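> here is a sequence together with a model predicted from it:
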Amino acid sequence: MATIVGNWSWVVNPRSRLINPYTAIRKRPLFLNTAPLTSPSASVSVSASTSTVFVETNSSDPVDVEKEVSNSADKKKKNILACPICYDPVAWTGEPGLSVESVSGSSLQCSTCRKTYFGNETHFELTAASGAKNYGEFMPIATELFRTPLVSFLYERGWRQSFSAWGGFPGKEKEFELTKKFLEPVFGGNIVDASCASGLFSRLFAKSGLFSLVVALDYSENMLRQCYEFIKQEENFPKENIILVRADIARLPFVSSSIDAVHAGAALHCWPSPSAAVAEISRVLRPGGVFVATTYILDGPFTFVPFLRDLRQYTRQISGSYVFLSERELEDLCKACGLVGFTSVRNGAFVMISATKPT
Ligand SMILES: C[S@@+](CC[C@H](N)C(=O)[O-])C[C@H]1O[C@@H](n2cnc3c(N)ncnc32)[C@H](O)[C@@H]1O
């Protein structure tokens, strides 16, 4: 089912095989809705029937949900952090209460291997190699690029905004509204903003009051430092609701089945192995937990252009980037990693996908 929202033409599709967006827009009647997603009182409602999903705007009052979240927040801050080597829970030594402000100077110890992980001024170091003195590891370019101080500084100062100009990304606010609709079933739970960069969405999740804890996770220490700076600069930021963690997406430092939601904006194409990453996401999600991600896709008639197929292959070999998977490949990836109920929303090369851990 396609819908036009403002200037955007969307194809929303719970079963990617059923609808090819390039033909669907022409063949099927359009569901028109011109209310902009950025309207402060507007939210996108995604409701699924057997074969279609409708995206429409309505006004919803988040107050009740927020109240409920703050009442149960302490109860829900369960022990989710785990050793990235053993996957067993880590014991926290530091000030009581897990928050961005209590990370500095505290440490986490694995109950099994006894390895200790330390918090620095901005984040917890929870990579498997953390603490190694002589061993250093380099990831593919698509990961290393974001570790540089320059890219970390520029990311929210023009870099991210450029995705809208050439990639069809709707922009931070609209993406956030859409994401929230997919996350509705897990409001009140915890959320991992995986590959958060400088935390543009992590900060929105924390400020929304819709989650008991937000974990802003990235491999780039400079991105996490930038995220911390943004948090510090913002008046009345709810610091008690967020922690920053450095970790590899393919080795997540969380207890199995402990996470209610994982969000990964514009990141899947940067991961060295999307299958290792999605398998990890599936491991940490609790039954009924939700995965939402955005990325670039290339399919439809473009799939048959041989030159583009080759280009995609070279890009992967040189940069390690899985940019331009097809929607069918994304659905297959989720399914292969044990996630069900694949749904997508697309606009040109932009796609937002969602899938759930079976209950
Ligand atoms: C294009 S940015 C996306 C940031 C943000 N989520 C957004 O929506 O704009 C991709 C991010 O993926 C992170 N990343 C790349 N490889 C990673 C890995 N192996 N583990 C965790 N994060 C990784 C990068 O550091 C970078 O911050």
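Nice, I can see it. Note that the structure is a prediction, hence the values are computed from the model and not measured.

> where does the stretch 1-150 of the chain have low pLDDT?
Scanning the stretch 1-150 of the chain for pLDDT under 70 picks out 1-78.

> what does it put close to the ligand?
Within reach of the ligand by C-beta under 6 Å from any ligand atom, the stretch 1-150 of the chain has these residues: 139, 143, 146. For every residue, glycine as well, the C-beta is placed using N, CA and C.

> now do the same contact list for the second one.
Think Thr143. Neighbour list for Thr143: 219-220, 270-272, 320 [criterion: C-beta atoms under 8 Å, 6 or more residues apart in numbering].

> tell me if it really is in a strand.
No. In this structure, Thr143 is helix, not part of a strand, as judged by DSSP: H, G, I helix; E, B strand; the rest coil.

> if I look at it, how far off is Ser344?
25 Å (C-beta to C-beta, to the nearest Å).

> again with the last one
Taken as C-beta to C-beta, the spacing of Phe146 relative to Ser344 amounts to 25 Å.

> neighbour count winner among the two?
Ser344 (25 against 22; other C-beta atoms under 10 Å).

> is the helix or strand where Ser282 lies anywhere near the ligand?
Element membership of Ser282, judged by DSSP states H and E, is helix 274-284. No. Residues of helix 274-284 are not located near the ligand by C-beta under 6 Å from any ligand atom, the shortest gap being 7.3 Å.

> what comes into contact with that helix?
So helix 274-284 is contacted by 192, 194, 249-252, 254-259, 262, 264, 268, 271, 291, 322, 325, 333-334, 336-339, 357 (C-beta under 8 Å, 6+ apart).

> what about stretch 284-303, distance to the chain center?
Put simply, stretch 284-303 sits 10 Å off its chain's centre (C-alpha atoms, centre = their mean, to the nearest Å).

> next: stretch 259-275.
Between the centre of stretch 259-275 and the centre of its chain there are 6 Å (C-alpha atoms, centre = their mean).

> select from the contacts of helix 274-284 every entry located in helices.
Applying DSSP state H to the contacts of helix 274-284, the entries found in helices are 333-334, 336.

> any of those buried? List them.
Among these, those that count as buried by neighbour count (16 or more other C-beta atoms under 10 Å) are 333-334.

> nearest to the ligand, out of the ones in helices among the contacts of helix 274-284: which one, please.
Nearest to the ligand among the ones in helices among the contacts of helix 274-284 is Leu333, at 15.9 Å by C-beta to the nearest ligand atom.

> so that closest one versus Glu280, what's the distance?
Leu333 is 13 Å from Glu280, by C-beta to C-beta.

> quick revisit: let's have the ones in helices among the contacts of helix 274-284 in a markdown table, adding distance to Asn120.
Output for the ones in helices among the contacts of helix 274-284, formatted as a markdown table (distance: C-beta to C-beta, whole Å):
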| residue | distance to Asn120 |
| --- | --- |
| Leu333 | 34 |
| Cys334 | 34 |
| Ala336 | 36 |
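
> let me have the ones in helices among the contacts of helix 274-284 in JSON lines, adding pLDDT and distance to the ligand as columns.
Putting those into JSON lines (pLDDT from 0 to 100; distance: C-beta to the nearest ligand atom, whole Å) gives the following:
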{"residue": "Leu333", "pLDDT": "97", "distance to the ligand": "16"}
{"residue": "Cys334", "pLDDT": "98", "distance to the ligand": "18"}
{"residue": "Ala336", "pLDDT": "98", "distance to the ligand": "19"}
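
> next, count neighbours for the residue in the chain that the ligand sits nearest to.
Of all residues in the chain, the one sitting closest to the ligand is Gly265 (2.5 Å; C-beta to the nearest ligand atom). Applying other C-beta under 10 Å, we find 25 residues neighbouring Gly265.

> next, Phe118: secondary structure please.
Quick answer, by three-state DSSP: Phe118 is strand.

> and it, how many neighbours?
Neighbour count of Phe118, defined by other C-beta under 10 Å: 15.
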